[in-house]
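J.: no sequence for this one, just the structure:
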Ligand SMILES: N=C(N)NCCCC(=O)O
Ligand SMILES: [Zn+2]
Ligand SMILES: [Zn+2]
């Protein structure tokens, strides 16, 4: 099967032309997309620095240098199935509830067309509607949540739908398989010890940023694979899981984070898992330097696309 490839960077310089993710075709240029990279420029759910609404554009711009073969996974993701850039889902920036509904509906439409999504945010609020849509298709899903933060807090200023609360809502709504949930890269001060107790009660395991350092990537991957098993898996990557040295351009940075090398290697360790969808969120380019964060996020998205592509067009 021949798939519409990205623009050939030896024919058209990679700094020329429209910035689609990895220079992929737009979704309207292909008959069918097996995998779509979807931007969600939305940041009305943030508790500190705003700006993640500009994340998708920055990640696309930073993705021009990606190449078509992934040696770590031994896959050419754009040749093993049709991958396309679906542009952005336009959400109401003044109404979080409506924005969540709109994204859930859009994600359901991708699923209905047989297109798996790698979503580029946007703040972490968007994980909730994406998980709802994933569960509508697969039943409650396993979740690996890469983040400095738990994002299982209850409310902010009395509001239930924020970037600090999506995974508590997801558990309450029954869209997650509570036997297969884990945060990875957690660190930094909390509001109280109760945060951890409540998080455990919701069903989450935690591999902290320090655990990754002490155990190393191999042991970390083994523990995660054990927890996830064969279940349909959703991966949510908050770019602030990386140390601010590796991802300064984000809204709620915390010192002591993982390196981008650790994160990418852990993701590659998930090659045998049944990944059904993923997101990369919280890139806020206004605080970035030399595209460090956007480049890291573009590589994370490329790895997630590659993991999905390992299963071909299915
Ligand atoms: N970056 C995300 N998703 N959440 C951080 C919320 C931390 C806080 O405001 O206390
Ligand atoms: Zn975070
Ligand atoms: Zn988060």
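T.: Sure, I can see it. Every value quoted in this text rests on a predicted model; they were computed, and no experiment measured them. Residues are numbered from 1 along each chain as shown. Ligands and ions are numbered 1, 2, ... in the order given.
J.: what sits against residue 125?
T.: Neighbour list for residue 125: 42, 44-45, 96, 99-100, 161-163, 166 [criterion: Cβ atoms under 8 Å, 6 or more residues apart in numbering]. (Each C-beta comes from the backbone N, C-alpha and C, glycine too.)
J.: so which of the residues you listed sit within helices?
T.: Of the contacts of residue 125, the ones assigned to helices by DSSP state H are 96, 99-100, 166.
J.: tell me the two of those that are most distant?
T.: 99 and 166 (12.5 Å; Cβ to Cβ).
J.: and those two? Which one has more around it.
T.: A count of neighbours by other Cβ atoms under 10 Å puts residue 166 above the other of residue 99 and residue 166, at 28 against 24.
J.: and that one, what does it touch?
T.: By Cβ under 8 Å, 6+ apart, the contact set of residue 166 is 124-128, 131, 151.
J.: and of those, the nearest to ligand 1?
T.: The shortest approach to ligand 1 among the contacts of residue 166 belongs to residue 124, at 3.4 Å (Cβ to the nearest ligand atom).
J.: does residue 266 touch residue 221 like I think?
T.: Yes - in terms of Cβ atoms under 8 Å, residue 266 counts as a neighbour of residue 221; the distance is 5.8 Å.
J.: what about ligand 1: which of the contacts of residue 125 touch it?
T.: Among the contacts of residue 125, the ones lying near ligand 1 by Cβ under 6 Å from any ligand atom are residue 163.
J.: let me have the contacts of residue 125 in CSV, extended by distance to residue 139 and pLDDT.
T.: CSV is the format used below for the contacts of residue 125 (distance: Cβ to Cβ, whole Å; pLDDT from 0 to 100):
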residue, distance to residue 139, pLDDT
42, 26, 98
44, 30, 98
45, 26, 98
96, 26, 98
99, 25, 99
100, 20, 99
161, 23, 98
162, 26, 98
163, 26, 98
166, 19, 99
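J.: among the contacts of residue 125, who's most crowded?
T.: residue 163 (31 neighbours).
J.: that older thread, between residue 266 and residue 221, who's got more neighbours?
T.: With neighbours defined as other Cβ under 10 Å, residue 266 and residue 221 compare such that residue 266 has more, 23 against 19.
J.: tell me where this protein has helices.
T.: 55-62, 77-80, 96-112, 127-138, 166-172, 193-202, 209-228, 260-268, 292-309.
J.: what sits against the residue lying closest to residue 123 once chain neighbours are set aside?
T.: Leaving aside its chain neighbours, residue 123 sits nearest to residue 163 (4.1 Å; criterion: Cβ to Cβ, 6 or more residues apart in numbering). Counting by Cβ under 8 Å, 6+ apart, residue 163 makes contact with 45-47, 123-125, 151, 251, 281-282.
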